[in-house]
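Q: Okay, here's the prediction I keep looking at, along with the sequence it came from:
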Amino acid sequence: MNKEKNDNSISASGDQGYITVFGAANIDIGGKPFKELTERDSNPGTVRMASGGVGRNIAHNLSLLGNRVKFISAFGDDVYAAQLRTELSELGIDTNESLVVKEDSTSVYLFITDKDGNMELAINDMDIYGHLTPEFIQSKQSVLAKSALVVVDANLPEEAIETVCRLSSCPVIAESVSCSKVPRLKRSLPFIHTITGTYPEAGMLTGTRIDPDDIQSLKASSDILLKKGIKRVVITLSERGVYFADKDISKKLPPLPARMVNGNGAGDSLLSGLITGFAKGLSFEDSVLLGLSCASITLETSRTNNPALSYELAAERVNQHDPKVISGLSAEGAPEKCGSAQKGV
């Protein structure tokens, strides 16, 4: 097993604490046409409703992978909130620290894919997250103090993200979410350990133009982030795989094979595998490979989260792909599973 030995190492293994996720929890409503999309017309297809949101998706996957998780978000006092919180509770995820806003409605995310499952268009109704103020975040200092790792997505307001990052004594992993929201991370860059996002989001954050086929343009963007204090950079490249860098490594890896059904949620799953690798003390590269494995498993379901996902399955898929690269990653090394009665402290 390739365990970390440098000052970039982060771990949440054993009894060191839980992983706390600050982020969005939405009701996702998605449509997929039977044939090629026709603009400005009604397209025959399927419409499904499911639980989603970047932070919620990450928390869900982290639990499936065997981690202890607290999830902090903002919910309305409505049927959608009840559905989201019940599902998370059944996964053993503690949502008790979340904010309930009676005068607002739970977030909704509406998206349309092409016939192959790739997202074409989306609209989000996420104004409720404006209630996650710095004062609210400050009231969670005791939770942050006991966290082994903290994850924050850019759906939170800029000031709330900065408060999370400044108050956290453990490493913070930030997900940039979208090009419109990635600027919210700029003020917090010196306090973020690991940042993840797509190559357009990384380009927006660094003011560079990234060619996903040109590793030098990827390196130029990641170097800017590393100089700002980030310890690890992960840039997703869609069907081209992923690029990752720290002070010791700069590398691009292809995606793992998958029987694609739906692309929605694969990036969140990749990040969940990456975080799980960090929590287990795996090397940066092995953590990325674990993330790619989780993404490939998630691509094979029509859901945002694949209920079949587990550490054992993800590790097995990595080893089938290239046992020489990640020979130390084994199902026997899976973290002890947190049951519904074993919520984070």
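A: Ah, there it is.
Q: Please make it C-alpha for all contacts and neighbour counts, starting now.
A: Will do.
Q: ok so Val152 is a strand residue?
A: Yes - for Val152, which was evaluated using DSSP: H, G, I helix; E, B strand; the rest coil, the result is membership in a strand.
Q: I'd say it and Val54 touch.
A: No - taking C-alpha atoms under 8 Å as the definition, Val152 is not a contact partner of Val54, at 9.4 Å.
Q: List the residues that are in contact with both of the two.
A: Taking C-alpha atoms under 8 Å, 6 or more residues apart in numbering as the contact definition, Val152 and Val54 share the neighbouring residues Gly23.
Q: What are the boundaries of the strands in the chain?
A: Chain-ordered strands for the chain, with DSSP state E as the definition, fall at 18-22, 26-33, 45-52, 69-72, 74-76, 99-101, 108-113, 119-125, 147-153, 172-175, 194-198, 232-236, 242-245, 250-253.
Q: Now do the same contact list for the nearest residue to Ser269 once chain neighbours are set aside.
A: Spatial nearest neighbour of Ser269, chain neighbours left out: Ala295 (5.1 Å); criterion: C-alpha to C-alpha, 6 or more residues apart in numbering. Contact criterion C-alpha under 8 Å, 6+ apart gives Ala266, Gly267, Asp268, Ser269, Leu270 as the residues in contact with Ala295.
Q: wait, what's in contact with Glu201?
A: In this structure, Glu201 makes contact with Ser176, Val177, Ser178, Cys179, Val182, judged by C-alpha under 8 Å, 6+ apart.
Q: The same query, at a cut-off of 7 Å, please.
A: Contact criterion C-alpha atoms under 7 Å, 6 or more residues apart in numbering gives Ser176, Ser178, Cys179, Val182 as the residues in contact with Glu201.
Q: By pLDDT, give me the weakest of the residues you listed.
A: Among the contacts of Glu201, Ser178 has the lowest pLDDT, at 92.
Q: how far away is that one from Leu156?
A: Using C-alpha to C-alpha, to the nearest Å, one obtains 12 Å as the distance from Ser178 to Leu156.
Q: So which of those two has more stuff around it?
A: Between Ser178 and Leu156, counted using other C-alpha atoms under 10 Å, Leu156 has the larger neighbour count: 27 against 17.
Q: Do I have it right that the more buried one meets Gly53?
A: No - counting by C-alpha atoms under 7 Å, Gly53 is not a contact partner of Leu156; they are 11.7 Å apart.
Q: So, low pLDDT: which residues of the stretch 201-345 of the chain?
A: Regions of the stretch 201-345 of the chain meeting the criterion pLDDT under 70 cover residues 322-345.
Q: what about the helices in it?
A: Secondary structure of the stretch 201-345 of the chain by DSSP state H, counting those that start in this stretch: the helices cover 215-227, 266-279, 284-298, 311-321.
Q: ok so, going back, would you list the strands of the chain in a markdown table and tack on mean neighbour count and distance to Pro134?
A: Converted to a markdown table, the strands of the chain look like this (neighbours: other C-alpha atoms under 10 Å; distance: least, C-alpha to C-alpha, whole Å):
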| stretch | mean neighbour count | distance to Pro134 |
| --- | --- | --- |
| strand 18-22 | 27 | 13 |
| strand 26-33 | 21 | 22 |
| strand 45-52 | 15 | 24 |
| strand 69-72 | 27 | 13 |
| strand 74-76 | 24 | 13 |
| strand 99-101 | 17 | 13 |
| strand 108-113 | 19 | 23 |
| strand 119-125 | 13 | 21 |
| strand 147-153 | 26 | 14 |
| strand 172-175 | 25 | 17 |
| strand 194-198 | 24 | 21 |
| strand 232-236 | 24 | 26 |
| strand 242-245 | 23 | 31 |
| strand 250-253 | 17 | 35 |
